[in-house]
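Novice: Could you look at this predicted model? Sequence included:
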Amino acid sequence: MSEEASSEHARAYGYSIPTLNPGLQELFDNSTGDKSNTVDYVLIHGFNGSSETTWLHEKPKPKFFWPKRLEVDLKDSRVFVYGYDAALRLSLQQNSISIGGLAEGLFAALIDARSDTNRRPIVFVAHSLGGLVLKRAILDMHQSIHSRETLTNSAKLAQGLYESISGLIFFGTPHLGSRIDEKNRVQVLKGLIGSFATIPKNLTKALVSESVELGDLSKFFEKTKLYTDGKISIRSFFETITRAVYGTVITTKASANLHYASEEMVPIERTHEGMVKFASPDDQYYKATLAVMRRYGQEGLKRKREQDHPPVKSSSNIPSYPLTSIMPVKTFVQRTTLRNQIHEQLHRSLGEELEGETSKVGVWGLGGTGKSQLVRSYLRRYQADYNATFWIEAGQTTSINRDFLQIYYLLTKAPSQSNSPSPEEALRAVHTWFIGRGGRWLFVFDGADQLEDESDLHFVNISRYIPGSPNVQVIIISRSSIAKKLSTFEGVSVGELEGPQAEELFFKCSEIKRSEIAMTEQIVVNQVKLIVKELGYLALAVTLAGSYFSQTPRLSTDLHAYLVEYRIRRHQILSEPPNELINQYKESVMTAWEISYSAVEKQMPEAGRFLTLLAFLNYDDIFLDLFPLKFNPTPISQHSWATVIWEQDQVSIGMVEKCCAILEKHSLLQRQETRAAYSMHKLVHSWGSDRLLLQERWEEANKFCTGAFQLLFEAVSNCVNTPEAKLRLVPHIRQNFDAIQKPGRVLGIDSFIHDLEYIGDFLSDIGQWHDAAVMRQEVFTMRQRDLGEDDPNTISAMNNLAITLIVQGQRAEAAKMFKEVLEKRQILGEHHTDTISSMSNLANILRDQGQYTEAEKMEKEVLEKRRQILGEDHLNTISAMNNLAITLRVQGQLDEAAKMEKEVLEKRRRILGKNHPNTISSMSNLANILTDQGQHAEAAKMKKEVLEKRGHILGEDHPDTISAMSSLAITLRDQRQLNEAAKMFKKVLEKRKQILSEDHPDTISSMSNLANVLRDQRQLDEAAKMFKEVLEKMRRILGEDHPNTISSMSNLANTLGDQGQHAEAAKMEKEVLEKRRRILREDHPDTISAMNNLAITLRHQGQLGESISLLDIAVRKMKQIHGDEHPHTKVAIRNLDLSRAIYKTVVIDSGKKQDKVTTLYTRIKRRFHRKAL
């Protein structure tokens, strides 16, 4: 790059860093023309930072000092940085760092710098503990103003500065208020200091006094007028990236929360010190910071203009209408974020295009979400900003005309007993009154739910009632999302309460007397969390449920009983009108939704039926591809799901979209932009089906439930072949099946059972084994009931159920079923294909139970019969060969197993294709054999391919994909890539716990695999603890003599040996060897490994002769089975050589007698290392 180009680049990035001295220093002043539009910005760094380094991004180059870049990006601004000696010394007492002293310096410097511009808006940006310096300075300003009756000149200057503060921007500031105890404050402080420097000794003691001071700072700051008025803007950024040396996020969201009413909490994906080091002007966080600085500055300028030129209030004293409109209900909880959205949009600059128009905000949402209460809280908060407010019941034209007539009387002072004007005359007079009128006025149109269908009795053309004055602001409250279109800007959508808000509301309405409930405080809180979650965080539902609790004495001392009561009497509780609890809201939850439903049904009957159909699917992720459009009749299914809605089989996507659009307008569906789907509130979803049952419309309920089931059958049949598409259907299948199982459902037997069986197979294929088992159990039960025990369809249903039980780990129950199936199918003849399949299934379960000899015998018979009947290349014959290869492998017959599995893989590739799941399984099986043969590099390559293919075809969370990950991790361990293997095993264990359960055999195997790696990493205590848990579970679930239980015992024994507990290890290893000889056979690889392991322990105990004898046998057998180059053979040879070397050193060369061997061995055994198999 040329020198000239380099200079231009430097200017663009603004990294020509000025020399910055301690104190307040002006970086630039780029104000032009009228200085009244200038905003001051002050940046304050934290401990161990500086005005130069804190804001500087250095690596990778180019450097970027973003405060200087503001000169380009922030017009009409003056930017300061406040610096101080922030170097960390031995303890805080020895530092020049003092929160109070630094704040005093900042306060004084600001007064001096702004002496001639004292009312200019000012915005502060503070990083880390610099935010505490800022808070202390603001507290000092507050105290200097309010500590005396008559203000001195310096206090007046402080007042000007204090009242000019427009916004505070905190980056990773731990506010450390009274909500955090002293111990945690100290830990946070240590983390902050440790993020920048090595922590000195004895720092904790020094920090205790500081932490108390900081706790008091937050407590007093929250009492300042600046905080309590809530008129400034505050944004608190918090980091989400852990700093490696500290090991955790330093300033969490909770710690960074100032608990200010309209505070904006924003995460930054950076470390604590990196969160203010922006890489370039295009850095997303620089752009976000610039935008909020600019916005806070503009807000300050607007507030200053309003102070300089206050709106001229009307000389006439106009009261609000009605007076009760601004009175809050006693149970209301604040929703500050939504309230602030209303305020911000009503006061947002309209710009040139909209200049002179009336500002309008639509507030819309489902009935019962608390829309009206939200607007009342807005009125209560900002009533002083308006000359008067007018609350209009906008449910229909007649009520609007009535209210406008009353407003007419208020405005014109005309006596109400005089001749009343017509509605048109009253409306025109009200509009005329506001033309050219100064001041600020607010109109609220409440309950304007019908804004579109002109034929509806309740339709209201709201636009004709809105006064055309720039001094009038309008809020439209509606259940219809059309209110969004009527908004000047984006409007405010009101949905569920936040969790803490819902809990607060329930406590208020239930009037819980905690002292009378026999529970701890935390149990009460946890129970309330469950209750409001069940209620879907819906404001009116929480209110009604809380009221029911308070009015039911038998529940007042037993909070646990409430949910049981609610689930039984849900409809009754939610059908109760609010009465005096919410004196401005006369409808129950159910009534509110019935009104919306009636409006939908009148506008488009198909949309009403569509809503009822959705009540029998899941309420979340309602996506358009869920609804099949094409239908091909079959002998079993004559009609499509669509006949329930449109009375025709073929539909278009437009017909479905139109239904969704109507429901969305009435807030009965909500759009999920991120997933291209809709959702329904869970209580609306429950109401959709409850309303049919409670009205005893059984036939209609069955029709929609069956229609939803038919929809899912068609969706499964037509589902695209991606894991994501298949998994999206699962929640809907679960929900519908739950509805099907409710009492009173009468479904067509033949078609229903066939379709249910098909869906059960679908769930099994995608690894949803629990759901598949539930459905297959239902199919089996219905087949038994309708066809009898011995019908072929019943036997097939039992067979399918048993297959699902295997993968769920219920092997004993599956084995029992398979034996019964085989016995029943014997009547078909021993050469019937179904009989042979039953024999194959039974052989698989025998292998899983460790009965290898019996399984091998049966699998050979299956293979022979299938070859004779079906031929060599039939898929069932190939499957039989695959099963036999697996059994040969677990018995240690590796060469024969490898040869057979290679043939299976070749045939499946040729017949099924290389990406068929069965082909991939063959590749996995062969890779496992290669691992056993010690060909780790080839095995790893193959296993990586298997994992990649299964992830792509089956999905990341399919059990077979997780098994592939586990298998690869085993090979990585064999290759001594221990960190990678441990990471993978932890991921496998976590997934299996979530998907399969804690006690599933595969989950326990994952725990054992992880423990092996921990042992390899010499984390012996943790490994031993885990192995003991594995062994206990294996004994309980699989039995004492199962091969996996014996392997667990061997693993634990090896670990005990590593810990030096040789006596206990030897006892256990002898039991392992005895059991493997008895169950597996003398020449099985696992039996030979047991010899090796016992020999090592005997060597450590000084029994060298017996150790050498066992190792001699082990080496000879391993050479016969594996060959000289197999890793296990090499390990055994090394162990034998080592034992002989020790024997020579201790016994022969020393000339000592045998009884002295142990003593001498103890002296030198640390030179030798244990090598178990």
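Specialist: Perfect, thanks for sending it. Residues are numbered from 1 along each chain as shown.

Novice: Residue 306: neighbouring residues, count only.
Specialist: Using other Cβ atoms under 10 Å as the criterion, residue 306 is surrounded by 13 other residues. For the C-beta atoms, the positions are set from N, CA and C on the backbone; glycine is no exception.

Novice: Check what contacts the host helix or strand of it and list those residues.
Specialist: Per DSSP states H and E: residue 306 is located in helix 284-308. Identification of contacts with helix 284-308 by Cβ atoms under 8 Å, 6 or more residues apart in numbering yields 36-37, 39, 41, 66, 69-70, 73-74, 77, 119-123, 125, 164-167, 169, 231, 233, 235, 264, 266, 268, 270, 275, 278-281, 347, 349.

Novice: cool, and stretch 751-761?
Specialist: 636-637, 706, 709-710, 712-713, 716-717, 733, 772, 775-776, 778-779, 782-783, 797, 800.

Novice: What subset of the residues you listed is buried?
Specialist: 637, 706, 709-710, 712-713, 716, 733, 772, 775-776, 778-779, 782-783, 797, 800 (16 or more other Cβ atoms under 10 Å).

Novice: Narrow those to those in helices?
Specialist: Taking DSSP state H as the definition of helices, the buried ones among the contacts of stretch 751-761 contribute 706, 709-710, 712-713, 716, 733, 772, 775-776, 778-779, 782-783, 797, 800.

Novice: closest to residue 917 among these?
Specialist: Closest approach to residue 917 among those (Cβ to Cβ): residue 772, at 15.8 Å.

Novice: was I right about that closest one contacting residue 737?
Specialist: No: contact between residue 772 and residue 737 fails when scored by Cβ atoms under 8 Å: they sit 11.1 Å apart.

Novice: Please identify the helix or strand for residue 392.
Specialist: With DSSP H and E as the test, residue 392 turns up in strand 388-393.

Novice: what's the burial count for residue 941?
Specialist: 13.

Novice: Quick check: it vs residue 963, distance?
Specialist: As judged by Cβ to Cβ, to the nearest Å, residue 941 and residue 963 stand 18 Å apart.

Novice: any idea of the mean pLDDT for stretch 785-805?
Specialist: What stretch 785-805 shows for mean pLDDT is 90.

Novice: C-terminal to the lowest-mean-pLDDT helix or strand in the chain, what's the next element?
Specialist: The helix or strand of the chain with the poorest confidence is helix 3-13; it has a mean of 39 (mean pLDDT, DSSP states H and E). With elements assigned by DSSP H and E, the helix or strand that comes after helix 3-13 is strand 23-29.

Novice: for that following strand, packing partners?
Specialist: helix 66-73, strand 77-83, helix 99-113 (3 or more Cβ pairs under 8 Å, 6 or more residues apart in numbering; DSSP states H and E).

Novice: low-scoring stretches of the stretch 1001-1150 of the chain, by residue?
Specialist: Within the stretch 1001-1150 of the chain, the stretches with pLDDT under 70 are 1146-1150.

Novice: Do a quick rundown of the strands in it.
Specialist: For the stretch 1001-1150 of the chain, strands defined by DSSP state E, counting those that start in this stretch do not occur.

Novice: Kindly state the domain boundaries assigned to the chain.
Specialist: If you go by the TED database, the domain ranges for the chain are 23-307, 336-493, 499-600, 1062-1172.

Novice: Adding distance to residue 955 as columns, could you present those in TSV?
Specialist: As requested, those are exported to TSV (distance: least, Cβ to Cβ, whole Å):
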stretch	distance to residue 955
domain 23-307	27
domain 336-493	33
domain 499-600	28
domain 1062-1172	34
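
Novice: Which single one of the ones in helices among the buried ones among the contacts of stretch 751-761 is nearest to residue 153?
Specialist: Nearest to residue 153 among these, with distances taken as Cβ to Cβ, is residue 733, at 76.4 Å.
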